[in-house]
Every structure is written in C-alpha cells, then in structure tokens.
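Novice: whatever this is, show me its structure:
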Amino acid sequence: MLSKIRPVLDECTEHLKPVEVDIAWEWLSNLRDPLNLGYPYKFLTIYQRDFRENHIVVTGEGITGLLPKYRVEEVLPGRLEGILKNLERFSENPKMLHILAGETARLMAFLNGSSLRKEDVLRKLEELGDEEAVKIYRSYLAGRKMGFRGEFLREFVASRVEKMKKRSSLP
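Specialist: Numbers count the residues shown, from 1 in each chain. Below you'll find the predicted structure:
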C-alpha cells in the first residue's frame, strides 16, 4: 500500500523538505471520539484545528465530518500527561528524547498563538525568549542532529511541561 501512495506523498510534502513523514491511520469507528476510543492522536485532539485546515486526503474519503471538536483546554491536560509518560518511557533513547523535546517546544509555541508551520513555531519560540527551546527546535528541524545530552533534554521537557501546566492552572 505504501508503494502506491509514495508518489502522492512525495508530491504533497516536497515543499516541506521533511526529515520523516508520519502516516497515521485509525479505525473509522474510533474517530467519533478519539479521546475515549482507540489512540488519541495529537492531530485529532490538541492540534485538530490545524489538521482540519491543512490535511490532505491521499487515499480514501475525508474524515473531518466524523470528528468531534475538542477545545484546547479540554485536551491539554491529557497531552501534557502523555508527554510526561513518554519522557519516562524514552528516558534512555536519545533520538526519541529529542523528538519529545521538539514536540514540547512546538506545543509551547502553539499554546502561545503559533500555527504549526515550522517557521511560525520558530518565530514564536524566539519571541518567547526561550533560548533552549529555540536551540532544540532548530536542531529538530535540521534532522535532529544530536548535540544534546539526555539529561538536558529530560530536564527541558519536564520543566516546560510544568510551566505549561502552571500557565493553564492544571494540577
């Protein structure tokens, strides 16, 4: 199946120059309530506004009409807990720690008004004045060239999740 959609995928992402492309799939029946059924993909929950506005159907039919609409405040606690669980899960995996740190930086920018466009995220992180987030995100965009120690990435993720919780008045 992947070989059939590869040309379309290449065409759709060529201008983005991606390092990797995620191809997410889910059972149709789980899309009616992604938070409680199946796996709550971040693009169907916390980033669903971006998904609704920018997704491209590569094969099959569109699904946006099936999706419930979640408010960011409603799904943020679960997303932050998911990041912390992954921090524990991947604590000894440098590649996954860097991905998680990049995701944390992107979420910070998003919660402060950024779109998910790479240049918007970077600009917002620069505006926020978080030099560590800027360095991590720049490296993330450059193919995750590993220049960070695991301890640094773990501390970055944990401290920024705590800040996002406080900012959102979450326990």
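Novice: tabulate the CA atom coordinates of whichever strand or helix holds Ala158 in PDB.
Specialist: Per DSSP states H and E, Ala158 falls inside helix 150-167. Below are the C-alpha coordinates for helix 150-167, written out as PDB (Å, rounded to 0.1, in the frame of the first residue of the first chain):
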ATOM      1  CA  GLY A 150      19.900  13.100  27.600                       C
ATOM      2  CA  GLU A 151      19.800  14.800  31.000                       C
ATOM      3  CA  PHE A 152      19.500  18.200  29.300                       C
ATOM      4  CA  LEU A 153      16.600  17.000  27.100                       C
ATOM      5  CA  ARG A 154      14.800  15.300  30.100                       C
ATOM      6  CA  GLU A 155      15.100  18.400  32.200                       C
ATOM      7  CA  PHE A 156      13.900  20.600  29.300                       C
ATOM      8  CA  VAL A 157      10.800  18.500  28.700                       C
ATOM      9  CA  ALA A 158       9.900  18.200  32.400                       C
ATOM     10  CA  SER A 159      10.400  21.900  33.200                       C
ATOM     11  CA  ARG A 160       8.500  23.100  30.200                       C
ATOM     12  CA  VAL A 161       5.600  20.800  30.800                       C
ATOM     13  CA  GLU A 162       5.500  22.100  34.400                       C
ATOM     14  CA  LYS A 163       5.400  25.700  33.100                       C
ATOM     15  CA  MET A 164       2.600  24.800  30.700                       C
ATOM     16  CA  LYS A 165       0.600  23.200  33.500                       C
ATOM     17  CA  LYS A 166       1.000  26.300  35.700                       C
ATOM     18  CA  ARG A 167       0.100  28.600  32.900                       C
END
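Novice: change the start of the numbering to 27 and stick with it
Specialist: Fine by me, first position is 27 from now on; the one you just mentioned is helix 176-193.
Novice: which other residues reach it?
Specialist: In this structure, residues lying in contact with helix 176-193 by Cβ atoms under 8 Å, 6 or more residues apart in numbering are 102, 106, 109-110, 113, 117-118, 120, 123-124, 126-127, 130-131, 133-134, 137, 156, 158-159, 162, 196-197. C-beta: built from backbone N, CA, C; applies to glycine.
Novice: buried stuff in that helix?
Specialist: Of the residues in helix 176-193, those scored as buried under the neighbour-count criterion (16 or more other Cβ atoms under 10 Å) are 179-180, 182-183, 186-187, 190-191.
Novice: go on, stretch 152-162?
Specialist: Judged by neighbour count using 16+ other Cβ under 10 Å, the buried positions of stretch 152-162 are 156, 158-162.
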